[in-house]
Structure formats: C-alpha cells, structure tokens
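Undergrad: Following is a predicted model, sequence given first.
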Amino acid sequence: MNHDTDDHVYRYKYLPMDVGSVCAIADGTMKYTCPLEFNDPFDCRPQVDVDTIMEAPKRRPDLWKAYLKSKGLSPAEGLQYRRKILTQARRSFDLDFFRRGLIESVGVCSLSRDPLNILMWSHYSSSHRGFLLEFCIPVSGPAYHADFAHEYLFPLEVHYREDRPVIAAFGDYTTEELQHHVLTKSKDWGYEQEERVIDHVRGPGIHTYQRNRILRSVICGSEMLNTDYETIRTTVDTVNKTEGTDIGCYHVEQIDAKYALTVPGHPRLDHRR
C-alpha cells in the first residue's frame, strides 16, 4: 500500500550492517556515491554522439576557440583548416574521459519505494543481515525547503529504458539534461524501484541530512545477528533520548507459506493479514 500524500513521500534506504551505516542513525550522515563507482557499467554513462564534434564551431564557439588555443592555432587557421581539425578531433576523442568529466563531481544517494523487496534485502542489506531506514520526506507544503532539498533527501525518480540516452559531444548542457542521464537505467534494474537524491553542490562524500525531521524508523533484517540488533536498538534509543525524536525500531520477518516479508507492529508495513 502506498502511503504517500501530496505533502510527503515515504522512501527507504537499504544498508549493510557496518560502522558507516550505523552512523546514518547515530550521526545523521549519509553517503553520496560518485556514479563512477556504481556496479553497473552502463549507469550514468550515456551514448555520446561524437559526430556533433563536426558542429562544434556553431554549437559551442567558446569551446571551439579554447580547443584551437590549446593546439596553438589561430582563429584564421581554425577557419582555413576547420574540417581537417575537426576530423582529427573526432578520431582522437576520448570517450571515457568525456563521460568522467560529466559525472565525477556528482554525488548520488539511492533510495527505494519498496521496503519489502526480497532481492533488495539480499543485494544491499548483507543478505538480510543489514537494516532499512524509513524516511518521511516533505515534497511540498510548509515543511518543504527547496534550498535544502538534498538535506531532506528529496528524491528524483529513476526511469528504466531499453535504450541508453544520447548526449552531444559538444553541447550546452542544462542541469535538467544532465539529471536525465543520471536518472536513466536499464529496465533490468526496474525491480529496485529506485529514486535518487542528486547533490551537485557537495558532490560525492559523507554528508549530513535532516535525521531529526525525516527518519521515521529503522527496520532490522530477518537474519540480523542478535548482537547487531542490540547495537541498532541501543543507537536508536540513544538518539531518541538525546534528540527528543521518536524513531521506531522494528524487525522484519518472513511470512509463512509465502515468498514475502512483513514488519510486525509497524504502522505501515505490517502485512500479516
């Protein structure tokens, strides 16, 4: 059941059981990953139309002038030998370098719309031994702050396609166009129901988020060790006591006779009926 409203959405972060993940609760910090580190070699790597290099003088005269200068060529020489220069530039175009330049300064935090996906628990939460964070994220209304959307983990939906997006080798890229390339994945990944928080300002790294305002519950995996569960339980209790929050702590369970999960006692995820 979807519990989203016009003012807020519920989104989920699958995490393994390790020190950095526990800090997401204890310190209110979240890891933003550079897309170059993603496990999918297609992800955030659009198809580049290198033929657009031939249109560089018209499409991006500023870059064309800079390119000529880097080669020690005058504007007159660039005009006289333009086609030859452009053909050589096309042949020597470094595709990987170009793609890296597009995304190396972008930080991405991945969330999911599905908190009870068996594959997601297996892949991203240490084979059900990790845990899940539940966020209630404002998307409009008085609680929403557009200037701090990344700190509230405001998510953008990932679109799953058969064809890779195409980008011009020389173009005047807008933020919306670049986000399109970061938000498009193969349809094979559709089961993740992924949404992404994109940070162009702080980039990759460990960044704070509004834990006290948006973290609603921590849900421990069905195979979590008892010692790890005590660590999570103690961490949540400490945060609630010191910060005056009311973060819930639950344990996901397998449903008998079904390939399905439930969270007993959870106000939104108890599906034992």
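TA: Looks like it came in fine. No experiment lies behind these values; they were computed from the predicted model shown.

Undergrad: okay, CA-based contacts and neighbour counts for the rest of this
TA: Fine.

Undergrad: Buried residues, the helix or strand where Ile25 lies. List them.
TA: Assigned by DSSP states H and E, Ile25 belongs to helix 19-26. Across helix 19-26, burial judged by 16 or more other C-alpha atoms under 10 Å covers 20-22, 24-26.

Undergrad: Quick one: list the elements packing against that helix.
TA: Other elements packing on helix 19-26 under the criterion 3 or more C-alpha pairs under 8 Å, 6 or more residues apart in numbering; DSSP states H and E are strand 29-32, helix 226-243.

Undergrad: who touches it?
TA: Residues from elsewhere that reach helix 19-26 (C-alpha atoms under 8 Å, 6 or more residues apart in numbering): 15, 29-30, 211, 232, 235-236, 239.

Undergrad: try 7 Å this time
TA: 15, 29-30, 235-236, 239 (C-alpha atoms under 7 Å, 6 or more residues apart in numbering).

Undergrad: same question, stretch 153-164
TA: Contacts of stretch 153-164 (C-alpha under 7 Å, 6+ apart): 46-47, 137, 139, 183-187, 190, 194-197.

Undergrad: Format the CA atom coordinates belonging to that stretch as PDB.
TA: Extracted C-alpha coordinates of stretch 153-164, given in PDB (Å, rounded to 0.1, in the frame of the first residue of the first chain):
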ATOM      1  CA  LEU A 153      16.700  13.600   0.800                       C
ATOM      2  CA  PHE A 154      14.300  15.000  -1.800                       C
ATOM      3  CA  PRO A 155      14.300  12.100  -4.400                       C
ATOM      4  CA  LEU A 156      14.000  12.100  -8.200                       C
ATOM      5  CA  GLU A 157      12.500   9.100  -9.900                       C
ATOM      6  CA  VAL A 158      14.800   6.800 -11.900                       C
ATOM      7  CA  HIS A 159      13.400   5.800 -15.300                       C
ATOM      8  CA  TYR A 160      14.000   2.300 -16.800                       C
ATOM      9  CA  ARG A 161      14.600   2.100 -20.500                       C
ATOM     10  CA  GLU A 162      15.800  -0.300 -23.200                       C
ATOM     11  CA  ASP A 163      17.800   2.400 -25.000                       C
ATOM     12  CA  ARG A 164      20.700   4.400 -23.500                       C
END
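
Undergrad: before we move on, the earlier item: tell me which of the helices and strands packed on helix 19-26 sits most buried.
TA: strand 29-32 (a mean of 20; mean count of other C-alpha atoms under 10 Å).

Undergrad: Pull up the pairing partners for the helix or strand following that one, direction included.
TA: Counting by DSSP H and E, the next helix or strand C-terminal to strand 29-32 is strand 47-49. Paired with strand 47-49 in the same sheet, following DSSP bridges, are strand 166-168 (parallel).

Undergrad: Let's test this: mean pLDDT of the helix or strand just after the strand it pairs with, rounded?
TA: Downstream of strand 166-168, the next assigned helix or strand under DSSP H and E is helix 175-182. Across helix 175-182, pLDDT averages out at 74.
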